[in-house]
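Quick one: sequence and predicted model below, then my questions.
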Amino acid sequence: MSEPNNRDGAAVDAVVIGAGFSGLYMLHRLRDQLGLGVRVFEAAGGVGGVWYYNRYPGARCDSDGFAYCYSFDSQLLQDWVWHGKYPAQPEILSYLEHFADRYDLRRDITLNTKVVSAEYDEQAARWTVTTDTGETVSTRFLITGIGHLSIARYVPEIPGLAEFEGEWHHTGSWPHEPVDLTGKRVGVIGTGSSGVQCIPVVADQAEHLTVFQRTPQYSIPARHETADENFWREIKANYDDIWEKSRVSATGYPWQHNGKRAMGVSDEERQETYERLWRQGGVRFANGSFRDLVTDEAANRTVSDFMREKIRETVRDPETAGKLVPRHPFLSRRPIVDTHYFETYNRDDVTLVDVKATPIVELTRTGVRTEDTEYPIDVLILATGFDAVTGPYFGIDIRGRDGVRLIDAWKDGPSAYIGLQTANFPNMFTITGPGSTLGNLPITIETHVEWISDCIGHMRANDIREIEADPDAEKRWMAQVTEQAEQSMLSKADSWINGANIPGKRRAYVFYFGHFGHFRRLCFDTAEQGYEGFVLS
Ligand code: NA7
């Protein structure tokens, strides 16, 4: 028997935290396929997760839209019309809103409600979940669909921020009301994915834009124009094949590298390969050419040099171009896809400030003061990123077996066996948790959601009370995650991916950068082999 969906704080079968890509699909699987009583709590005022919050000018997805969606619903794949190659935030948000309506999910989602704590009672084998509205719910299964980033925005401690008299906004919590930048002197701090996306759009609106850049970035042109009517016709006719390929691919997209080593071909072939993919644009440039760009330094140098040259060709002023050319290897940070990013620096009304050469000292009441200049600013945009992974998790006081706190269990770095479960936190599942892959996210989310609902179905059918990660399997997995990352370009730069973007945060690799298809197979193999790597009781 399932627990009824109860509104007065009694008992349910499952609590899901978050109503983004993960939480929405999890609710559908558990409620509509297993018949469970489920409550979803969402801190935001609407569904959509990261796509609810990230509404800064120019916010887009940088996975190809046709593959950045749920694959399980073939009718939805045919019905939904994406506009452009990389959908803009409002479009992804309406897709998720449509999904919530299509499956009548909203009636089990409580918005504007943050889960503040979750405590496991071993005797009862149940979790007690408490929210910031004072509600308490008892649940057998606790499932986090909180993503890696969205609620944990990072605002650096810049002296004077509190006294700054202009407006300031973080890209990760942009206001719902339009921010009018017309005639304004705007500053952007940060040139990660968010900064690179918003800078060209802000430049179009502002009277003057000043970009404060700490580390220059590689970025691949999106080339939205390559997705025309024929493109979409082809896609819709071939969706089965697209998902079949994506599920066994290295990064969750329907393409592979070409199987060759970059240094194993002639200079001409290498150059031609890069040029062809560069003309196509988008993330395929990063993962659709040679197989060893992430693992071999010499191979990586060829692609990094290619991209550095593209920056020099695009940016007319050699001094500005020099500041924009990255020194770290391409793919040592998450690849960025842009729409006219480098071209923006050819505008007379855009200034680039290298804050490594002349650091920001403070915000004055009317601007940003670096070591040598004060830049007058009316609106300041902080595109300074997120306290990834641990930020969203540590925002909830989660206590497992013997009252052990997640924050203590993860003191040496966040950890979960194949991203799904942490030892001592029975019946808690983490969708795309630490140790999971970070390619095309919706397909990873589907893998985890389907695994979790199959697992819960198996537990109910076989009268299994608890499941949690086997501590040895978890330890071995996280060691493999670290080893894989250390052997790759990821060890060669600091970023949110290894926790190095937050001052004082312990550096740790939290994503599995091996092959997505192998990861997916491993998840389902463990289940088929009686949940090997997990302890069931
Ligand atoms: P990122 O990728 O973490 O980028 C943050 C940017 O902010 C990056 O350029 C940082 O420079 C810069 N930053 C952070 N703190 C400061 C200070 N104190 N001074 C100057 N500059 C600073 O966040 P995004 O939001 O762009 O993207 C996050 C992910 O969201 C992205 O990968 C996608 O998955 C979606 P740094 O490079 O550290 O020198």
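In hand now; what should we look at?

How about the residues of this protein by the ligand?
Proximity of the chain to the ligand is confined to 149, 156, 171, 189-195, 212, 214-215, 334, 355, 383-386, 496, 501 under the rule CB under 6 Å from any ligand atom. To be clear about C-beta, it is placed using only N, CA and C from the backbone, and glycine gets the same treatment.

Mind checking which of these are in strands?
I189, F212 (DSSP state E).

Which pLDDT does the model give the residue nearest to the spatial centre of the chain?
When CA atoms, centre = their mean is applied to the chain, the residue found nearest the centroid is H148 (5.8 Å). pLDDT, H148: 87.

re the thing from before, just the buried members of the residues of the chain next to the ligand?
149, 171, 189-195, 212, 214-215, 334, 355, 383-386, 496, 501 (16 or more other CB atoms under 10 Å).

Distance check, the residue nearest to F164 when sequence neighbours are not counted against the ligand.
Spatial nearest neighbour of F164, chain neighbours left out: L363 (4.4 Å); criterion: CB to CB, 6 or more residues apart in numbering. Using CB to the nearest ligand atom, to the nearest Å, L363 is found at 12 Å from the ligand.

Ok, V186 next?
16 Å.

Now do the contacts for that residue.
Taking CB atoms under 8 Å, 6 or more residues apart in numbering as the contact definition, V186 lies against V202, Q205, A206, H208, L209, T210, I377, D378, V379, L380, I381.

neighbour-wise, which of these leads?
With neighbours taken as other CB atoms under 10 Å, the top of these is I381, carrying 30 neighbours.

ok, then the element right after the host helix or strand of that residue?
Counting by DSSP states H and E, the element that carries I381 is strand 379-382. Where DSSP H and E defines the elements, the next helix or strand beyond strand 379-382 is helix 390-394.

avg pLDDT for that following helix?
Rounded mean pLDDT across helix 390-394 is 93.

how about the CA coordinates for it, as PDB?
C-alpha atoms of helix 390-394 as PDB (Å, rounded to 0.1, in the frame of the first residue of the first chain):
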ATOM      1  CA  THR A 390      28.400  21.100  -1.600                       C
ATOM      2  CA  GLY A 391      26.600  24.500  -1.600                       C
ATOM      3  CA  PRO A 392      23.200  23.100  -2.400                       C
ATOM      4  CA  TYR A 393      23.700  20.000  -0.200                       C
ATOM      5  CA  PHE A 394      25.100  21.800   2.900                       C
END
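
Make 413 the starting number, not 1.
With 413 as the first residue, the last one maps to helix 802-806.

outside of it, which residues touch it?
So helix 802-806 is contacted by 556, 558-564, 566, 818-819, 822, 826, 842, 911, 917 (CB under 8 Å, 6+ apart).

Quick one: buried ones out of the residues you listed?
Buried among the contacts of helix 802-806 by 16+ other CB under 10 Å: 556, 558-564, 566, 818, 822, 826, 842, 911, 917.

Now, those that are in helices?
Counting by DSSP state H, the buried ones among the contacts of helix 802-806 place L818 in helices.

and which of the buried ones among the contacts of helix 802-806 is nearest to the ligand?
For these, the minimum distance to the ligand (CB to the nearest ligand atom) is 5.6 Å, reached by L561.

The closest one and S585 touch, don't they?
No. Contact criterion CB atoms under 8 Å: L561 and S585 do not qualify, at 11.5 Å.

returning to what we had before: what's the strand holding I793 packed up against?
Strand 791-794 sits against strand 579-582, strand 597-601, with contacts defined as 3 or more CB pairs under 8 Å, 6 or more residues apart in numbering; DSSP states H and E.

Pick the most deeply packed of the ones you listed.
strand 597-601 (a mean of 25; mean count of other CB atoms under 10 Å).

Note down every partner strand of that one and its orientation.
Strand 597-601 has these partner strands in its sheet, going by DSSP bridges: strand 620-625 (parallel), strand 791-794 (parallel).

what's near enough to touch P587?
Applying CB under 8 Å, 6+ apart to P587 gives the contacts H581.

If you could redo that for T844, that was the one I meant.
Counting by CB under 8 Å, 6+ apart, T844 touches S434, G559, H560, G831, L853, T856, I857, H860.

any idea which of the residues you listed is closest to the ligand?
Using CB to the nearest ligand atom, H560 is the member of the contacts of T844 that sits closest to the ligand, with 7.7 Å.

Isn't that closest one up against P826?
No. H560 lies out of contact with P826 (CB under 8 Å); the separation is 10.0 Å.

what's the closest non-adjacent residue to S486?
Nearest residue to S486, sequence neighbours excluded (CB to CB, 6+ apart): Y651, at 6.7 Å.

Please name the residues that touch that neighbour.
Contacts for Y651 (CB under 8 Å, 6+ apart) come out as S483, S486, L489, Q490.

cool, W494 as well?
W494 sits in contact with G477, F478, E503, W644, where contact means CB under 8 Å, 6+ apart.

And the furthest pair within those residues?
Longest distance between any two of those is 13.9 Å, between E503 and W644; criterion CB to CB.

And the residue in the chain positioned nearest to the ligand, how close does it get to I611?
As assessed by CB to the nearest ligand atom, the ligand sits closest to G604 within the chain, at 2.2 Å. G604 sits 11 Å away from I611, going by CB to CB, to the nearest Å.

same deal with I909?
For I909, the distance to I611 - CB to CB - is 22 Å.

Look at those two and report which has more neighbours.
Neighbour count, other CB under 10 Å: between I909 and I611, I611 has more, with 28 against 21.

Confirm that the more buried one sits in a strand.
No. Per DSSP: H, G, I helix; E, B strand; the rest coil, I611 lies outside any strand segment and is helix.

Show the contacting residues for it.
I611 makes contact with G470, V600, T603, L621, V623, Y753, T756, V762 under the criterion CB under 8 Å, 6+ apart.

My guess is D729 contacts R759. True?
No. Using CB under 8 Å, D729 makes no contact with R759, being 10.8 Å away.

Burial check on the residue nearest to S744 when sequence neighbours are not counted, number of neighbours?
Excluding its sequence neighbours, the residue lying closest to S744 (CB to CB, 6+ apart) is A905, at 3.7 Å. Counted with other CB under 10 Å, residues neighbouring A905 total 18.

Per-residue confidence, A905, what does it come out as?
90.

All set now, cheers.
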